[in-house]
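Chemist: build me a model from this:
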Amino acid sequence: MSSQPNFLLIITDQQRADHLGCYGNRAVRTPAVDALAANGWCADEFFTATPICMPNRSSLMTGRMPSRHGVRHNGIELSFDETNFVETLRGAGYGTALVGKSHLQNIEIIPPSYPRDGEPRHAPEARREGPGRHGQEIWKRWEDNPAWELDTPFYGFERLDLVIHHADTAYGHWRRWLRAQTRDADKLIGPENAPLSPDLELAKCRQAWRTRVPEELYPTSWIAERTIARARELSASGRPWFIQCSFPDPHHPFTPPGRYFDVAKAEDVPAPPSFHARHEGLAPHMKWLYEMRDTGRAVKHTQALFACSEREAREAIALNYGSIQCIDDAIARVMAQLPSLGSARDTVVIFTSDHGDYLGDHQILLKGPIHYRGLVRVPFIWCDPAGPKGRRSNALTQTTDIAPSILERAGVAPWNGIQGKSLLPLMRGELENTRARLLIEEDGQRTYLGFDRRVRMRSVLNGRHRLSLYEGASWGELYDLQEDPLELVNLWDRRTLRGEMLEELARAMLDHAESSPYPTQIA
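Modeler: As a prediction, the model looks like this:
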């Protein structure tokens, strides 16, 4: 067994933990991921640092919270000044590659949505971009300039095969490759080229369509094949390697290709248990969502959450299952090739996702600043040839823990200012928990949900309760996750319990204050 193993980090986009067989779901077929769990270690209480793509992926890279690395929401690029674990591995002799979604830099050119017209404008932020070329992932630059490429190493990645955006409308290296495979590429992609699906409610708001892109040309398949190719290249180099295999699905819009579109039927998928359940103490932002739907004013075609019908929820779940099964089959192909590369016995395989999706929980879809469990809890599996087999933990764990865990397993020292905790002591049975409380941050860009300002919030979990505090709001959310796992009864008016949890939140925020005078320097 190598003292410096290879690492294959498989990350999906917007996948709930409970949409895997190994996390108790009996409706979706995920034998490849289930096999990783059976041969490895699972975290049952693994949460995002924030349920937003760019900041959480930056937390994965840096082991730090969004308030510390500066990527507070989508649209703020990760500074090259921030130390990350991939660059640290590369400095220790690792070959590195990323295949699929990166989203460490902007993919759109959109100006800030705040302050609004008429509001006071403050001086520009003091935060500087730092060295290096920014804006490298913007999709239109890839479209307008066929020679557009990334500067490497890109945040430590020496080799990259990039996919920008989601579903069959992705850009980057994948779309260039697709166009090289067929002259009809641009006639295959997008809802405008999809066959009509009059019975599909989500097609009406462009959140789902039956893609004409064949399974073998779809981004999921391409990512699997490029991951195998990169593993072959890096294995031949003689160096230990780290590969991030990053699938943009099962994120909306839902376009599982070919047979995967029909693996589950909306008619056969039940609505989530919380869909028809009675809620007590319903918070104002949820009432706002229901009002928008019930008065026909819900906006359903954007990235923002919305209150849905039962039919829309069932369609989303069924198509989500199809996307997940497509990904699982792709993972199976990758895993089948590791033995032929001589890498199976020396490769740690990690599986996780950047955040979840409500998928009908509490009658809402997609994602937003309401920290229900389906959104903030994600899978985490660590399958190590030298590690435990078939073990699980209920310890509070988080995205920030991935970087220090990989570094410890590689025998590489972490840096000053890293906030995550290595999970290896938990895996070895030396600890039962790594933290008493867990913080989730969210800084939004939109003014919606009935707020008079952009939504900013913090949540704290202590193993039993979840409290969420919103800037500018006299109300909040407080749930007893032990007695009320569906989060139906808001206990905010219980002043003693609320005071205790507000203290937990204050302590969690203090736990995550900057502690290093040189946070980006090697210790």
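
Chemist: output the below-cut-off pLDDT ranges for this protein.
Modeler: 1-2, 111-130, 344, 517-523 (pLDDT under 70).

Chemist: how does it look with 90?
Modeler: Scanning the chain for pLDDT under 90 picks out the ranges 1-3, 73-76, 108-134, 198, 340-345, 415-417, 445-447, 513-523.

Chemist: ramachandran angles for Asp480?
Modeler: The phi and psi values for Asp480, taken as degrees, to the nearest 10, are phi -90, psi 100.

Chemist: right, and it touches Asn462 too?
Modeler: No. In terms of C-beta atoms under 8 Å, Asp480 does not count as a neighbour of Asn462; the distance is 11.0 Å. The C-beta positions use only the backbone N, C-alpha and C, and glycine is treated the same way.

Chemist: of the two, who's got more company?
Modeler: The neighbour comparison of Asp480 against Asn462 (other C-beta atoms under 10 Å) goes to Asn462, with 19 against 15.

Chemist: residues in contact with the more buried one?
Modeler: Residues near Asn462 by C-beta atoms under 8 Å, 6 or more residues apart in numbering: 396, 436-438, 501, 504.

Chemist: of the residues you listed, keep whichever come out buried.
Modeler: With burial judged by 16 or more other C-beta atoms under 10 Å, the buried subset of the contacts of Asn462 is 396, 437-438, 501, 504.

Chemist: what is the nearest of those residues to Glu77?
Modeler: Leu438 (26.4 Å; C-beta to C-beta).

Chemist: would you mind giving the secondary structure of the residue nearest to Glu487 when sequence neighbours are not counted?
Modeler: The shortest distance from Glu487 to any non-neighbouring residue, by C-beta to C-beta, 6 or more residues apart in numbering, is to Tyr479 (4.5 Å). Put simply, Tyr479 is strand when judged by DSSP: H, G, I helix; E, B strand; the rest coil.

Chemist: Tyr479 - how many residues pack around it?
Modeler: 26.

Chemist: now it, which residues is it bridged with?
Modeler: Arg466 (DSSP bridges).

Chemist: need the single longest helix in the protein, by residues.
Modeler: helix 310-337 (DSSP state H).

Chemist: so which bits of that helix are buried?
Modeler: 310, 312-331, 334-335, 337.

Chemist: what do you get for stretch 413-421?
Modeler: For stretch 413-421, by 16+ other C-beta under 10 Å, it's 414-415, 417-421.

Chemist: that's a helix at Ser459, yeah?
Modeler: No. Under three-state DSSP, Ser459 falls outside any helix and is assigned strand.

Chemist: next one: it from Glu471, what distance?
Modeler: When distance is defined by C-beta to C-beta, to the nearest Å, Ser459 is 13 Å away from Glu471.

Chemist: same question for Asp13.
Modeler: Relative to Glu471, and taking C-beta to C-beta, Asp13 is found at 27 Å.

Chemist: these two: who's more crowded?
Modeler: Neighbours were counted for Asp13 and for Glu471 using other C-beta under 10 Å; Asp13 has more, 24 against 13.

Chemist: contacts only, for the more buried one.
Modeler: 53, 101, 166, 246-251, 353-354.

Chemist: and which of the residues you listed is nearest Phe275?
Modeler: Pro250 (19.5 Å).

Chemist: what's near enough to touch the closest one?
Modeler: 12-15, 19, 256, 320, 323-324, 327, 357.

Chemist: any idea which helix or strand comes after the longest helix of the chain?
Modeler: Using DSSP states H and E, the helix or strand that follows helix 310-337 in sequence is strand 347-353.

Chemist: how much space is there between Cys245 and Leu9?
Modeler: 7 Å.

Chemist: quick one: the helices in the stretch 51-200 of the chain, in order.
Modeler: 53-62, 66-69, 85-91, 139-144, 173-181 (DSSP state H, counting those that start in this stretch).

Chemist: who wins for proximity to Asp161 among these?
Modeler: When those are compared by C-beta to C-beta, helix 173-181 sits nearest Asp161, at 5.0 Å.

Chemist: what does the closest one rub up against?
Modeler: 142-143, 146, 160-163, 185-186, 188-189, 213, 217, 219, 222-223.

Chemist: of those, which is the most crowded?
Modeler: For these, neighbours tallied by other C-beta under 10 Å; top is Pro219, 29 neighbours.

Chemist: ok, that residue - contacts?
Modeler: 100, 163, 168, 170, 174, 247-249.

Chemist: again, 6 Å this time
Modeler: 163, 170, 174 (C-beta atoms under 6 Å, 6 or more residues apart in numbering).

Chemist: give me the phi and psi angles of it.
Modeler: phi -50, psi -40.

Chemist: just send the buried residues of stretch 413-421 back as CSV, with secondary structure and distance to Gly91 too.
Modeler: Shown next, in CSV, are those (DSSP: H, G, I helix; E, B strand; the rest coil; distance: C-beta to C-beta, whole Å):
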residue, secondary structure, distance to Gly91
Pro414, coil, 13
Trp415, strand, 11
Gly417, coil, 17
Ile418, coil, 15
Gln419, coil, 21
Gly420, coil, 19
Lys421, coil, 22
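
Chemist: want to throw those into TSV with distance to Ile406?
Modeler: Shown next, in TSV, are these (distance: C-beta to C-beta, whole Å):
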residue	distance to Ile406
Pro414	10
Trp415	13
Gly417	17
Ile418	12
Gln419	15
Gly420	10
Lys421	13
